[in-house]
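1. okay, predicted coordinates and the sequence, questions at the end:
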Amino acid sequence: MSKFNLILLILLFNLQPMSQAQPLSNTLINGGGVNDLQPVNGLHLTEGLNRTPQNMNDAYNPGEPAINMKAVRWLNTSMPIAIWISPGLALPSVPFDEIPNTRCDLVYSMIKANPKNPFGDLSKVNGWTEEVNDLVANGIEQWREFENEGLFKFGFTDDPANANILVFFTDIFKDASAPGGISAGGITTAKIFPVDKLHLVHKMPVIIELSTTVNNDAQKMQAASAHEFGHALGIKAHSPYREDLMYVDRVVNSLSPADKATIRWLYHQKTDYVMY
């Protein structure tokens, strides 16, 4: 890897132990800023914190654990973020812990090799129907309100070659389980780049994969999609609070006031790292 081409592969997924963001007490949301965001390192395997009326609106740190919780997001020049939802297609199965080392490069190479039909050899997963894609889109739409605030823009495309974010499916992730044996419901894989090195790199897709087995009803699939799209937007660390959609073992199905405060904070930040 060239010293001029720093690429950090980011693994972010639902229902799997990860670094959780430190809760922020007495934070102040003011013009999109959050005071006293603190870095958090290491795994925090907890049962989850409960919010109180006093901290219900407090943001959590969304930063990327691999770079000391620094902020990562999309630049305005990437807007609108284009999303392609596959017709139930599954990428080649690999052990779960190998996904972060393969997915972005694999999809990029497939598109480059055959931009008109890059995924013609992939098969559809068990449990997928056209309704599933509607549920995935509805989950992503939970973040639409922030377009009105000018934070970011996104839209759906029928052309995977022009997509920034691509959604695939699996019936079950191979060798994937969280503490207690709960299977992973989703994973978002991305590469991040230093802003000052973008002229040296090529754009890389962000890949979301969702399990039709774990997300086996409409509510679960829609909520899992919303959670993973939050990661794809740049909320890299999980919230430590059970009341938030971005909690590691998600138990709610819609954005919380704190999730909203967190994405507002993130997109008002000048960032040194981006998805591209």
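-> Perfect, thanks for sending it.
2. which residues of the stretch 1-150 of the chain fall in strands?
-> 8-14, 29-30, 33-34, 72-73, 81-85 (DSSP state E, counting those that start in this stretch).
3. what's near enough to touch the nearest residue to Glu147 once chain neighbours are set aside?
-> Leaving out its chain neighbours, the residue that sits closest to Glu147 by C-beta to C-beta, 6 or more residues apart in numbering is Lys153, at 5.4 Å. Where you see a C-beta, it was placed from the backbone N, CA and C, and this is true even at glycine. Residues counted as contacts of Lys153 (C-beta atoms under 8 Å, 6 or more residues apart in numbering) are 79-81, 147.
4. farthest pair within those?
-> The distance between the two most remote of these (C-beta to C-beta) is 10.6 Å, for Ile81 and Glu147.
5. out of these two, which sits in the more crowded spot?
-> Remark: of Ile81 and Glu147, Ile81 carries more neighbours, 19 against 14, as counted by other C-beta atoms under 10 Å.
6. give me the beta-bridge partners of the more buried one?
-> In this entry, Ile81 is beta-bridged to Phe154, by DSSP bridges.
7. pretty sure it contacts Trp74?
-> Yes - applying C-beta atoms under 8 Å as the test, Ile81 and Trp74 come out as touching, 5.9 Å apart.
8. tell me, what's touching those two both at once?
-> Contact with both Ile81 and Trp74 is made by residues 152, 164, 233, according to C-beta under 8 Å, 6+ apart.
9. what strand or helix carries Trp265?
-> In the assignment (DSSP states H and E), Trp265 maps to helix 257-266.
10. show me the contact partners of that helix.
-> Taking contacts as C-beta under 8 Å, 6+ apart, the residues outside helix 257-266 that touch it are 29, 32-34, 37, 51, 55-60, 62, 71, 73, 143, 146, 149, 151, 230, 233-235, 239, 241, 243-246.
11. if you look at the residues you listed, which of them are in helices?
-> For the contacts of helix 257-266, membership in helices holds for 230, 233, with DSSP state H as the criterion.
12. can you flag the buried ones in the contacts of helix 257-266?
-> Buried subset of the contacts of helix 257-266 (neighbour count, 16 or more other C-beta atoms under 10 Å): 29, 34, 37, 51, 55, 58-60, 62, 71, 73, 143, 146, 151, 230, 233-235, 239, 241, 243-246.
13. many thanks, we can stop here.
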